[in-house]
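S.K.: have a look at this fold, sequence not included:
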């Protein structure tokens, strides 16, 4: 029998765990530096929400653009699959693979989620990243498909 190396063991553990789902808000202020389709989401320094939420590689993000975001005003144009998380000093960054949806999810659908209601208003810095249930995530994406690149 072949011996599993450290990377193989980590991959096996990643495959075996349950995925988590998150809601991530992008604002117009940082749209040019970190666009929603860019694969990078730096959280504000000293906010350890990413590690406190237990986010890990393989988790799935509903990527929502707030009001006045260029080209995606109050809608989720895609999802992201977390490929890594970096912590440097007091700042955390999510790296993800972006997958556009064939039709963006409008705010009217998103706001019906109990988790979104609990974190409203979204303009407070503490409400920019939070966990969604699997059912909330599936409900938001109902009738939509990934527009495979």
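M.R.: That came through, no problem. Nothing here was measured: the structure is a model prediction, and the numbers come from that model.

S.K.: now do the host helix or strand of residue 62: distance to the chain's middle.
M.R.: Here residue 62, judged by DSSP states H and E, is contained in strand 60-65. Strand 60-65 sits 4 Å away from the centroid of its parent chain (Cα atoms, centre = their mean, to the nearest Å).

S.K.: what lies in contact with it?
M.R.: 19-26, 31, 36, 41, 71-82, 94, 96, 98, 105, 110, 122, 132, 137, 140-141 (Cβ atoms under 8 Å, 6 or more residues apart in numbering). Using the backbone N, CA and C atoms, a C-beta is placed for each residue, glycine as well.

S.K.: just the pLDDT for the nearest residue to residue 86 once chain neighbours are set aside.
M.R.: Distances taken as Cβ to Cβ, 6 or more residues apart in numbering put residue 93 closest to residue 86, at 4.7 Å, once the chain neighbours are dropped. pLDDT, residue 93: 92.

S.K.: quick check, residue 93 in a strand?
M.R.: Yes: assessed with DSSP: H, G, I helix; E, B strand; the rest coil, residue 93 lies in a strand.

S.K.: quick check: it touching residue 42?
M.R.: Yes: counting by Cβ atoms under 8 Å, residue 93 touches residue 42, with 4.5 Å between them.

S.K.: all strands for this protein, in order.
M.R.: 21-26, 40-42, 60-65, 75-88, 91-106, 129-132 (DSSP state E).

S.K.: ok so, going back, buried subset of the contacts of strand 60-65, written for ChimeraX?
M.R.: Remark: buried members of those, expressed as a ChimeraX selection using 16 or more other Cβ atoms under 10 Å:
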select :20,21,22,23,24,25,26,31,36,41,72,74,75,76,77,78,79,80,82,94,96,98,105,110,122,132,137,140,141
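
S.K.: and the residue most central in space within the chain, how close does it get to residue 147?
M.R.: Central residue of the chain (Cα atoms, centre = their mean): residue 61, 2.6 Å from the mean position. Remark: distance between residue 61 and residue 147 (Cβ to Cβ, to the nearest Å) = 16 Å.
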